[in-house]
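J.: Below is the sequence, then the predicted model.
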There are 2 protein chains.
Amino acid sequence: MRRIDAEIAAEGGKRSRSRAQIMEVFFRSGRHLTVDELTRKVRVRNRNIGSATVYRTLKLLSRLGYVKELDFGEGVKRYESSLTAHHDHLVCTECGKVSEFEEPRIESLQEEVAREHGFSPTMHRLAIYGVCGRCGPPATGKGEE
Amino acid sequence: MRRIDAEIAAEGGKRSRSRAQIMEVFFRSGRHLTVDELTRKVRVRNRNIGSATVYRTLKLLSRLGYVKELDFGEGVKRYESSLTAHHDHLVCTECGKVSEFEEPRIESLQEEVAREHGFSPTMHRLAIYGVCGRCGPPATGKGEE
DNA sequence: TTGAATATGAAATTCATTCTCATGATATAG
DNA sequence: CTATATCATGAGAATGAATTTCATATTCAA
């Protein structure tokens, strides 16, 4: 986090209490947060922080490469730290639970495919949607709920 | 398209001139259209059609499974016919060009991964972002730009 | 043709995100 | 420490995509 502050300073930015609190809560929190969720968590510490500042902070961190923007097609963006290893996501369409996975074979196939099409790949988004073990037991019957 | 009308009728829906025109233009058009783009095309034929009806039509077709909703993170949704074979997308971050590809090995790895995590996969979204051959120099070896 | 139901277009609404702007905080020079 | 220039903030306004409302028009069956 000091590193981030240094990078911001190098760009002519200044530190701020609000931003420090937002970053701290964000990096300590679970993954895949929406701005709204993060704002609520941050306000527990400091009631005065507005969501505009949370948006600004996440955008800044995203530009600096410390945060990844996720979009699972819910109409809201989610954010996660990019300090952890690269991974893709599994999204349960029943309960909304998001799991992570890493599959190097998929990664390299993507590289291969991109090259075949003359693309220089810079990133990708892969989300697999389905029903998680808890929501849809392989047993007979349709577990509604 | 008759089949679609029949299915709508079976649900208690009625036919309509506007919807027929929208469907016709949509299925004859190129892929990956936004509602705005489609509305413009449709209005060439019938100036009176409003975008609300285009939204409604695409939502209906989506529910019936004839249309797939795409989201490349642009802040706008795009739509494509789901009558063509399944495929994923390559998006050029320079010119916006979207290409399609199919890679069965990626598909089966996704199945495998989902199962390992106890998920019953129903669909996935995979988009690879990068620079297409026209926008970027032909990537020699690993030279990243 | 009538009548009950669905569909439409325009405008209003919703909701996430961004922007504006007056004020507050921060860093640096003196 | 204080001045001052600049950046950051928070509240609310603005934006823009998508949805809904509502009065009217269209469809379809009898």
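T.: Now that the structure is in, tell me what you want to look at.
J.: what's the nearest residue to A:Thr57 if we skip its chain neighbours?
T.: A:Ile22 (4.6 Å; C-beta to C-beta, 6 or more residues apart in numbering or on different chains). Heads up, the C-betas are built off the backbone N, CA and C, glycines and all.
J.: who's in contact with the one you found?
T.: By C-beta atoms under 8 Å, 6 or more residues apart in numbering or on different chains, A:Ile22 lies in contact with A:Leu38, A:Val42, A:Ile49, A:Thr53, A:Val54, A:Thr57.
J.: If we go by neighbour counts, what in the helix or strand in which it is found is buried?
T.: For A:Ile22, the element it lies in under DSSP states H and E is helix A:17-28. Taking 16 or more other C-beta atoms under 10 Å in any protein chain shown as the neighbour-count basis, helix A:17-28 is seen to contain the buried residues A:Ser18, A:Arg19, A:Gln21, A:Ile22, A:Met23, A:Val25, A:Phe26.
J.: do stretch A:75-84 as well
T.: For stretch A:75-84, burial by neighbour count (16+ other C-beta under 10 Å) applies to A:Lys77, A:Arg78, A:Tyr79, A:Glu80.
J.: Over to stretch A:46-66?
T.: Buried residues in stretch A:46-66, counting neighbours by 16+ other C-beta under 10 Å, are found at A:Ile49, A:Thr53, A:Val54, A:Thr57, A:Leu58, A:Leu60, A:Leu61, A:Tyr66.
J.: which ones among those are found in helices?
T.: Using DSSP state H to define helices, the subset of the buried residues of stretch A:46-66 located there is A:Thr53, A:Val54, A:Thr57, A:Leu58, A:Leu60, A:Leu61.
J.: Rebuild those residues as CSV, extending it with pLDDT.
T.: Shown next, in CSV, are those (pLDDT from 0 to 100):
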residue, pLDDT
A:Thr53, 98
A:Val54, 98
A:Thr57, 98
A:Leu58, 98
A:Leu60, 98
A:Leu61, 98
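J.: What is the nearest of the residues you listed to DNA strand D?
T.: Sorting those by distance to DNA strand D puts A:Thr53 at the head of the list, at 3.1 Å, by C-beta to the nearest atom of the strand.
J.: what residues are up against that closest one?
T.: For A:Thr53, the set of contacting residues under the criterion of C-beta under 8 Å, 6+ apart consists of A:Ser18, A:Arg19, A:Ile22.
J.: List, one by one, the residues from chain A near DNA strand C.
T.: Applying C-beta under 7 Å from any atom of the strand, one finds that chain A approaches DNA strand C through A:9, A:14-17, A:34-36, A:51-52, A:55, A:59, A:75-77.
J.: can you pull the buried residues of the helix or strand hosting A:Glu37?
T.: For A:Glu37, the element it lies in under DSSP H and E is helix A:35-45. Residues A:Val35, A:Glu37, A:Leu38, A:Thr39, A:Lys41, A:Val42, A:Arg43 are the ones in helix A:35-45 that count as buried (16+ other C-beta under 10 Å).
J.: OK, contacts around the last one?
T.: Put plainly, it is A:Arg43. The neighbours of A:Arg43, taking C-beta under 8 Å, 6+ apart as the test, are A:Ile49.
J.: Alright, that wraps it up for me.
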